[in-house]
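1. Provide a 3D model corresponding to the input given below.
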Amino acid sequence: MNSELPDITALKAEKSRRSFHFFFKEFWEIMSPGTFLIDNWHIKYLCDELQDVATRAMSGKPKKYDVIINVPPGSSKSSIASVALPAWMWTVSASAKVIAGSNAQPLALNLSVKARDIIQSEKYKLMFPAIIMKEDVNNKSQYGNIHGGMRISTSVGSSVIGHHAHLIIIDDPLPLNPSTVAIDNANMWLDSLSTRKVDKDVTPLILIMQRLAENDTTGYMLGRGGKVHHICLPAIATSEVSPPEALELYKDNLLDPHRLSFEILEDARSQLGSANYEAQFLQSPSPAGGGIIKHNWIRKMHGADEVTQKLIEGLPVHFFVDGAYTEDKTNDPSAILAAAYDVKSNSIYVLKAAEFWMEWNEIVKFIQDVVKRYGSSISKVYIEPKANGLSLQQYLKKHSPLNIPRTKSPKISKDERLNAVSPFIEGGKVIFIEGHDSYKGVVMSNMQEVIHEITHQKPKRYGVRDTLVMAIDELMSNMNKGRYIPRSNPNDKKRYNIR
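-> A predicted model of the protein is given here:
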């Protein structure tokens, strides 16, 4: 039995060299003793990206780009980038030199020691016996091997004199709730590391962090220009996802249903507050308090609560559509929002909100199915008559039983429209009903995306925001102008004050 062990070890060693993801899984037990790795898709996604960047650097080829990775807390980002990656690089090129830094020296040293634990483990020595540590260069902040490989640890404000790297890794350069001074120091430190490269055309910089402010290190690096590959994976599928094709990998609208379930995320929101939650978990920092719509204006209720159900019971549901008609996820999606208006309280309940990429025939059927599922015979379907929306409006009016009111194209900007309806949101007259619901593969209760878009100063997409503005404008603004009376059956006349 023991005679077979070297062959198995050699096989694992070779698979580890060829696949950083395999290496990461193989050495997880050393990085995180006593825990079981739940290997979500984003782990392989990041491992494959970092393997490509590091392999190119170790071979001396000119870099394609620097890399920014924005992921939520608890996504194993540090274990992947700062701990496992440097240890893996030596298995491919023993002379590889890495500089790795963080916002504070204790954190940087902790990550450095964890990487060294892998290299000094019996398992690593058995699989990669040629990697022998240098006895005279082996401490927490700096260690090397007999082939010239090095891992140097640093932190914001520290200098790395006399060393140059094949790869630079910056992991969490900012503390939580950073001050303006801390942000400025981190950004200046980022610039200083550009002088610590073996070759400026070859050595890439990898920045991995959660967003904390608009002008944080990610914002600074994106704003200064240069070739940057931006990987942004928020906890919930929002317009921040980059590259857009990564949206296809989300399951039930979540990045990681095990580590970051809806329940875990709601708990994080309650502890952090909306602004910090949106920055760290949705990777969407916005000005303090929000944009036109402030975070503390948002009023939410949960659809499963008995009180909520009583409030919305029997209210007519109306639908608002912003059509795009494409399956290409690099383009803007279509959006649909369902809302109910209560005359007695003069309030709107936002019940459903969804974004989806569909061609013409699919969206025509989808809208009819959604109205049938969540609405009733008195439901109205408002379609913004811009570009493709006009043809959709005309087609459904002619070829479907849906009640399609005539709508006018907006003559003012998106921000002006949002600003016009903002008093209703500020006054607590717009209530977002949260819940977990999907239909035909489309998440129908994406209140996170609605809130994200309306509170962000410059969202990447405007679909659900536009549908919300339509809903408030049609159901509340027009009502207050005396122009709107909701349709109802004869038994509802008393409830809706219809004479």
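2. Tell me which other helices or strands the longest helix seen in the chain touches.
-> For the chain, the helix reaching the highest residue count under DSSP state H is reported as helix 41-58. In terms of contacts (3 or more C-beta pairs under 8 Å, 6 or more residues apart in numbering; DSSP states H and E), helix 41-58 is packed against helix 20-26, strand 66-70, helix 85-92, strand 167-171, strand 228-232. All C-beta spots, glycine's among them, are computed from the backbone N, C-alpha and C.
3. List the buried residues for it?
-> Within helix 41-58, the residues scored as buried using 16 or more other C-beta atoms under 10 Å are 42-47, 49-51, 53-54, 56-58.
4. any chance of the helices and strands packed on helix 41-58 in CSV, plus mean pLDDT and distance to Thr154?
-> Listed next are those as CSV, based on pLDDT from 0 to 100; distance: least, C-beta to C-beta, whole Å:
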stretch, mean pLDDT, distance to Thr154
helix 20-26, 98, 23
strand 66-70, 97, 17
helix 85-92, 98, 13
strand 167-171, 96, 9
strand 228-232, 96, 21
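5. out of the ones you listed, nearest to Lys12?
-> The closest of those to Lys12 is helix 20-26. By C-beta to C-beta, the value is 6.4 Å.
6. Check which helices and strands the closest one is in contact with.
-> Secondary-structure packing of helix 20-26 (3+ C-beta pairs under 8 Å, 6+ apart): helix 5-18, helix 41-58, helix 85-92.
7. and it, how far out from the chain's middle?
-> When C-alpha coordinates are averaged (C-alpha atoms, centre = their mean, to the nearest Å), helix 20-26 and its chain have centres 24 Å apart.
8. ok, now stretch 347-359?
-> Using C-alpha atoms, centre = their mean, the offset of stretch 347-359 from its chain centre is 19 Å.
9. export it as CSV, just CAs?
-> Only the C-alpha atoms of stretch 347-359 are listed here, as CSV (Å, rounded to 0.1, in the frame of the first residue of the first chain):
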residue,chain,number,x,y,z
SER,A,347,-49.1,54.5,-0.3
ILE,A,348,-47.5,52.2,-2.9
TYR,A,349,-46.4,48.7,-2.1
VAL,A,350,-43.6,47.5,-4.4
LEU,A,351,-44.3,43.8,-4.6
LYS,A,352,-42.1,42.4,-7.4
ALA,A,353,-39.1,43.7,-9.4
ALA,A,354,-37.1,41.8,-11.9
GLU,A,355,-34.5,42.2,-14.6
PHE,A,356,-34.2,39.7,-17.5
TRP,A,357,-32.6,39.3,-20.9
MET,A,358,-35.1,38.0,-23.5
GLU,A,359,-35.8,38.3,-27.2
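10. Can you list the buried residues in that stretch?
-> For stretch 347-359, the buried set under the neighbour-count rule, 16+ other C-beta under 10 Å, comprises 347-358.
11. measure the spatially closest residue to Trp28 that is not a sequence neighbour to Leu265 for me?
-> Excluding its sequence neighbours, the residue lying closest to Trp28 (C-beta to C-beta, 6 or more residues apart in numbering) is Leu37, at 4.4 Å. In this view, Leu37 and Leu265 are 21 Å apart by C-beta to C-beta, to the nearest Å.
12. So these two - more neighbours on which side?
-> Higher neighbour count among Leu37 and Leu265: Leu265, with 19 against 14, using other C-beta atoms under 10 Å.
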